[in-house]
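*Asks:* A predicted structure for the sequence below; I have some questions about it.
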Number of protein chains: 2
Amino acid sequence: MTADTRPKAVDLTHHLSLLARSRVPSPLKDIIRFMEVKGIISFAGGLPTPDFFPMHSLSASVYPANTVLDPENPSPPAESVEISIPRNAPAPAYDIVRGLQYVGGRGLTELETPLRELTEKLWPPAYSDWDVLLNNGSTDGWIKILTLLIESGDHIICDSQIYPSAQAGFVPMGVKSFPIPSDSEGMCPEALAKGLAEWDESRGRRPRVMYSVPVGQNPLGTTMGALRRKAIYDVCVKYDVIIIEDDPYCMLQFPAYVVGQQSTPPAAKADIDDFLSHMSSSFLTIDTQGRVIRMDTFSKTLFPGARLGWFTCNAMFTERLVRGTEVQTQGPSAFSEIITGELLNKWGVDGFIEWNVNLCEQYRVRRDWMLDALAEAFDLVPAEQAGVPGAIGLVAFPKGKGGPAILSFVPPIGGMFIWCKAHYNTHAAWAGFEADKPDQERVRAFEEKFWIRLVEALVLVTPGWYFTPWEGGSHSLHEEGSGNFRLAYSFEPKHNVDEGIRRMADLMTKEWTGEVDISGKL
Amino acid sequence: MTADTRPKAVDLTHHLSLLARSRVPSPLKDIIRFMEVKGIISFAGGLPTPDFFPMHSLSASVYPANTVLDPENPSPPAESVEISIPRNAPAPAYDIVRGLQYVGGRGLTELETPLRELTEKLWPPAYSDWDVLLNNGSTDGWIKILTLLIESGDHIICDSQIYPSAQAGFVPMGVKSFPIPSDSEGMCPEALAKGLAEWDESRGRRPRVMYSVPVGQNPLGTTMGALRRKAIYDVCVKYDVIIIEDDPYCMLQFPAYVVGQQSTPPAAKADIDDFLSHMSSSFLTIDTQGRVIRMDTFSKTLFPGARLGWFTCNAMFTERLVRGTEVQTQGPSAFSEIITGELLNKWGVDGFIEWNVNLCEQYRVRRDWMLDALAEAFDLVPAEQAGVPGAIGLVAFPKGKGGPAILSFVPPIGGMFIWCKAHYNTHAAWAGFEADKPDQERVRAFEEKFWIRLVEALVLVTPGWYFTPWEGGSHSLHEEGSGNFRLAYSFEPKHNVDEGIRRMADLMTKEWTGEVDISGKL
């Protein structure tokens, strides 16, 4: 074993909230070390006896790690890998007796071993004293981070659009969003630096926590490249900002989409080296100071219902997060831990990566379905050729007959979503619609009615206003005359993707060109 | 179906915290109802497709509900009940595809059906609009309740001793305990009424939340009878107090222990009717107003590791708890839910009760082991005969040779613990020990050293000071010249219980009577 030459994390304890500083270790900790005294008889722990856990064994039949499904007919594979968890078993196998007993706030720590291995393989931190800590999925992880770092009155740095549940966690705490403009790669470092440099202290202390979803951002669908990450990280060092890297879509990274190029079926065999060589990895790999708290989850890669995820960060932060976990949740569900743990034991860490590279191909094909359907239903023109104000990526025009720019979007190279800008100010009915209102209100009123007409056309999208960062007043990053909506390509089968996009394009084309009269619906 | 003649809950919304009032429903809620429009194609939800959940099936082999083990040799029973969870199954069976997908904050609501049935059988609420809501076990439940009801600066009413993890949840929030004296049945209603009537407003607003463990209180081991519950409830109505009933040991209720009566083995067949007719049920059964929030857990009855429990309370509170759950944890682990849910499907609610009545017998026998060992090692005299100041229950004297009162304790009729009062002021070395110190400090110093000597004698107990309510200053309920420790009889096998109590009694007898010189260890 070679010496770890990476630096140690810098001291970041000044970022801890008053609540996080106030937590003390459980007094029972003192006792636990005496339980290991040779020959001692303990009446100290209030543990139930596992003799009465009413389970002989638990088993599961899972897919092989090299499974490749047919996306259009994704029946379960004929092959299976069998998992069996008995009442007693030597480590590293999991068992009922030890696995289902009370454990400490860290949960079943044997599960940390494959997570550490995965970390060093996929996104080795640039400092040495990092740690991993299990949590109950990223909803739980995020609220624990808020409790760790945030006080009422704070602002949180976020992308120009934010995942609503992340925001719903902090707004009731008296905390606001501080959104930074994005481009096709996500948050703009120049805008971040400017926003922090020009921070108005009358709004509260300068923001010191950033919420970032660097791959397949929800809802923007943007993915940061390596240079972008470095530029953002450098600004965060300069202004002493802690980066929360929420990265559920990290393994769903696709090649760029090329309009008109026929989509290919999933690769028959995962090309792991190729995937890893192209992947945007993690802020951890450039984090020499220990100021990144990374959140991973098994929700997108295995099962959302497992409610199992983990932090990777500075051991100073995990120590405080463990103190929080002891009183907030205790460790995760042991059923989730032992099933996931045995699956990782069977597949191995390399098998888990292989599964993910195959899974990525499945979602790549689904992305292509939707982009192909959009290319079929609209004329897609690169924004730099189309010359439409405020458009980035591809601009959608009525198919084959010219006319106004209807939509624009960046074809995603990661995640599950396409973020569409609707150019309402080129809509046939826009000019006559509530022109006396301030533009933000006017757009909101117009798009709420448009959304209902989409529903009537039997296609459901997520309205853009769900993702608007809450700044305590009007939205500072509103773009005049346009609104947004989010399309998810993760769930519907191909025939529905084709039909749904057709319905949407048909409605929009007719409305934008004035082919239908919607005056009764405004 | 007959009409529900129970009253509706009264309006208790003024108890909600600012944080709980500030939560808004998830905006995605609006969309979910449109997903059910006939023929609609949805690109709205960001769900992963369950085609890629890599599991064919999950199965478990569990014990039959009527299992009775030999406590001295508790090997798994020969019989088993098989649980199998496939990829698709009609309700009320659980399945992989639906079960492991994202669900709302309520978790898998089919699991509420047996919990409602259990509630109506065991502790039917005295009002009609009650609700149940799953949580991730009572640690999670308690922190969610604190978030629901408590502001920084508040005091929480509790027993004279409190479970440390419950207190560790609220102390860092700037919240203090307000302990009420207890007797052999737990909290004294007269003392509660006096404490509230004489509340000094300079300490903050009058306490309005009570944390109560009415059965097998941890650490006191006390269980409330029906009259005691009613008296406490009435005081809480008078002073508008919300009762948090944390009842993990509700199914572990035993007949009174009789010194000198030979302990019997577990009953070969559960006498459910007899158990139910004697059980202390729940504050819910007398709660005509909806001011009780009951917490149940599967941790003591099935598996601690499942991290699965539930609230039963006023639907106004569950609605706010769901809003909290959406951003705090989401629903519990689906693996915990589907395994527990299928177990309940197989056993039935009656089978679950039968399992618990049998389980209760197992712990009753374990209680008897420890009490028998204490009766073997000490002379036990009823406190009313012994005339020892501050002693309740049984007083332990040196075996067969007279001498000082060493210990006193109430033989528990529920739970897993015996709470022992150590009468340090009758210890041979007490008089000469730091007599110039205030009594609280003196006791603490004395008992810390005593605890170490117990460890050296290879017996570990939980020190009483772990359970001291934190009042922000010295402990108001300190009893002069005495300390406490907690003995758990839930875990160690019989030969260890016998040997451990022998070691403890031997050490204590020699110390209290002055047979050993401990001056070098003080």
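*Replies:* Yes, it's here. Numbers count the residues shown, from 1 in each chain, chains lettered A, B, ... in the order given.
*Asks:* how about the closest residue to A:Arg444 other than its chain neighbours, what does it touch?
*Replies:* Once flanking residues are discounted, A:Arg444 sits nearest to A:Trp465: 6.2 Å by Cβ to Cβ, 6 or more residues apart in numbering or on different chains. Where C-beta positions appear, they are placed from N, C-alpha and C, glycine not excepted. The contact partners of A:Trp465, by Cβ atoms under 8 Å, 6 or more residues apart in numbering or on different chains, come to A:444, A:447, A:483.
*Asks:* Now that A:Met187 has come up, it's in contact with A:Phe178, right?
*Replies:* No: if you go by Cβ atoms under 8 Å, A:Met187 and A:Phe178 don't touch, sitting 11.4 Å apart.
*Asks:* So those two - more neighbours on which side?
*Replies:* A:Met187 (28 against 23; other Cβ atoms under 10 Å in any protein chain shown).
*Asks:* isn't A:Ser519 right next to A:Ala429, touching?
*Replies:* Yes: counting by Cβ under 8 Å, A:Ser519 does reach A:Ala429; the two are 7.0 Å apart.
*Asks:* Provide the contact partners of stretch A:77-93 at residue level.
*Replies:* Contacts of stretch A:77-93 (Cβ under 8 Å, 6+ apart): A:55-65, A:67, A:69, A:94-99, A:110, A:113, A:338-339, A:342-343, A:345-347, B:56, B:76.
*Asks:* Buried subset of the residues you listed, written for ChimeraX?
*Replies:* To isolate the buried members of the contacts of stretch A:77-93 in ChimeraX, using 16 or more other Cβ atoms under 10 Å in any protein chain shown:
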select /A:55,56,57,58,59,60,61,62,63,64,65,67,69,94,95,96,98,99,110,113,338,339,342,343,345,346,347 /B:56,76
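*Asks:* can you tell me which of the contacts of stretch A:77-93 are in helices?
*Replies:* Mapping the contacts of stretch A:77-93 onto helices (DSSP state H) picks out A:96-99, A:113, A:338-339, A:342-343, A:345-347.
*Asks:* Keep only those of the residues you listed that are also close to chain B.
*Replies:* Counting by Cβ under 8 Å from any Cβ of the partner chain, A:99, A:339, A:343 from the ones in helices among the contacts of stretch A:77-93 sit close to chain B.
*Asks:* circling back to that earlier point, how about the residue nearest to A:Arg444, secondary structure?
*Replies:* Judged by DSSP: H, G, I helix; E, B strand; the rest coil, the three-state class of A:Trp465 is helix.
*Asks:* Same check on A:Ile293?
*Replies:* strand.
*Asks:* does it really touch A:Phe311, like I thought?
*Replies:* Yes: under the criterion of Cβ under 8 Å, A:Ile293 makes contact with A:Phe311 at 6.0 Å.
*Asks:* Centre of the chain to the helix or strand of chain A with the lowest mean pLDDT, how far?
*Replies:* The weakest-scoring helix or strand in chain A, judged by mean pLDDT, DSSP states H and E, is helix A:28-34 (a mean of 78). Centre-to-centre, helix A:28-34 and its host chain are 38 Å apart (Cα atoms, centre = their mean, to the nearest Å).
*Asks:* Is any residue of it near chain B?
*Replies:* Yes: judged by Cβ under 8 Å from any Cβ, helix A:28-34 comes into contact with chain B at A:28, A:31, A:34.
*Asks:* Stretch A:129-143 too?
*Replies:* Yes: using Cβ under 8 Å from any Cβ, we find that stretch A:129-143 touches chain B at A:136-137, A:139-140, A:143.
*Asks:* That's all I had, so thanks and see you.
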